[in-house]
Structures are given as structure tokens and as C-alpha cells.
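K.L.:
take this sequence and fold it.
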Amino acid sequence: MAGSTCSTAREYMDSITQQLQLVNDLSIDKATQAIYNAWRGDRRVFVYGNGGSAHSASHWALDLMKTAAIDGQPRLKALSLVDNIGTMTAVGNDISFDEIFRYPLHAYAEEGDVAVAISCSGNSANAVYATQWARAHGMTTITLTGFNGGKLRDLGDINVHVPSDNYGVVEEIHMACGHMVAQGLRHLILAGEKETVATW
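P.N.:
Have a look, this model is predicted:
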């Protein structure tokens, strides 16, 4: 396994604490605002990643749709591109594994939608190609990276970077960022609801 590992639970906990201090919290708030703008504009949010980041993508999409939901308000149209096994394996087998995210984006995404790419290395070809496509077609791109950021770091209109080479630590913080964004989104929707009521 590439990257570093921790030998004790305390070392792992300390590493997470240290890395959290190095993450730019404003980039997370910017990601929340971008997704809120998508919600207000009735746009879609597509999330994708490989391996452990694929599970993070599913969790992000779930929390953006459900945790952020407010009764009486529209639900955010958040979708994980890793959740359709048929699509992933058909595209991977018949075309190329590098196309498993770009292909469905081409089918479903529109200008003004948001693409969220999650990758520890930042160099997963399928995530890079999909994000390049998203930028070229007027989508807002949010990238979550680790290690040195790889190619995805510069492809994000908004980048959330964890400068660690420990996959577990990076994935842990990427998942925490999903929780931060979902909870922040919920509060923005609530604040907007109060402003609307106040103007009646």
C-alpha cells in the first residue's frame, strides 16, 4: 500500500488532529455556498471517486440530499456516479475505466450543475477526465484531494486539500468535509427560509 501508515491509535488520532488544522476551512465554506447556489437554482450535484473515495461519494450524496433537507423545501438533487454498478461496469468494460464518470456526466449534467471529485492522490484518471469535462461544459468543480493534490487540485474551482500521505487520514477528513458541507447547507436553507418569511 502506497503512503504512510500509523502504528498506534493515538498516532492516528494525533495525525487527524494535526491535518485538520492544515485544511482551509474557507474552502469548505465556499464549497457549501456553491452547492447552496445549485440548490437555489434547481441544479444537480454529481459526486464521484474511486475505492474508499467511492464510498465517500455515496455518503456525500446521501447527506446532501437527506441531512440538508428541510421540510417544505425542495430536496437537493445530489447524485453519486458510483452508485449505478451497471453503468460503471458497462462503460468500464466496453469503453474504458477512465470514462466511467465522464460518460454519465455527458448524459445527465448541464451547465450550472456542480461536479464534486474526491481523490486522495488527485491523479485518478477517471476523476480527472470527468472534472476536465465538467469545467469545459460550464459546471462548477469542487475537488477534494490529499498527498500533493495531483492534477485535480488545479482543476477545482474550489479545492479542499488535506496535505497528508496517509490514505486513511485523508479519507477520514474528506468524509468529515461532507458532513460539514451538508450541515452548512441545511443552515443556509433555513436562513433563506427565514428571510423569505420575513419579507411577506
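
K.L.:
every contact and neighbour count from this point should use C-alpha atoms.
P.N.:
Will do.

K.L.:
Provide the secondary structure category for the residue minimising distance to the centre of the chain.
P.N.:
In the chain, the centroid-proximal residue (C-alpha atoms, centre = their mean) is Val116; its distance is 3.7 Å. Following DSSP: H, G, I helix; E, B strand; the rest coil, the label given to Val116 is strand.

K.L.:
measure it to Ala191 for me?
P.N.:
Summarising the geometry, the distance separating Val116 from Ala191, computed by C-alpha to C-alpha, to the nearest Å, is 24 Å.

K.L.:
same thing with Ser119?
P.N.:
Counting by C-alpha to C-alpha, the gap from Ser119 to Ala191 is 32 Å.

K.L.:
what do you get for Tyr36?
P.N.:
When C-alpha to C-alpha is applied, the distance between Tyr36 and Ala191 equals 11 Å.

K.L.:
more neighbours, those two?
P.N.:
Tyr36 (23 against 11; other C-alpha atoms under 10 Å).

K.L.:
report the contact partners of that one.
P.N.:
With contact taken as C-alpha atoms under 8 Å, 6 or more residues apart in numbering, Tyr36 is in contact with 185, 188-189.

K.L.:
model confidence over stretch 74-84, on average?
P.N.:
Stretch 74-84 carries an average pLDDT of 97.

K.L.:
from the chain's centre, how far out does it sit?
P.N.:
In this view, stretch 74-84 has its centroid 11 Å away from the chain centroid, taken as C-alpha atoms, centre = their mean, to the nearest Å.

K.L.:
CA atoms of it as PDB?
P.N.:
Taking only C-alpha atoms (Å, rounded to 0.1, in the frame of the first residue of the first chain), the coordinates of stretch 74-84 have been written out as PDB:
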ATOM      1  CA  PRO A  74     -37.100  21.200  -2.300                       C
ATOM      2  CA  ARG A  75     -34.500  18.400  -1.900                       C
ATOM      3  CA  LEU A  76     -31.100  19.000  -3.400                       C
ATOM      4  CA  LYS A  77     -30.600  16.800  -6.500                       C
ATOM      5  CA  ALA A  78     -27.400  15.200  -5.300                       C
ATOM      6  CA  LEU A  79     -26.300  12.000  -7.100                       C
ATOM      7  CA  SER A  80     -23.300   9.700  -6.700                       C
ATOM      8  CA  LEU A  81     -21.900   8.500 -10.000                       C
ATOM      9  CA  VAL A  82     -20.600   5.300  -8.300                       C
ATOM     10  CA  ASP A  83     -24.000   4.000  -7.300                       C
ATOM     11  CA  ASN A  84     -25.000   2.500 -10.600                       C
END
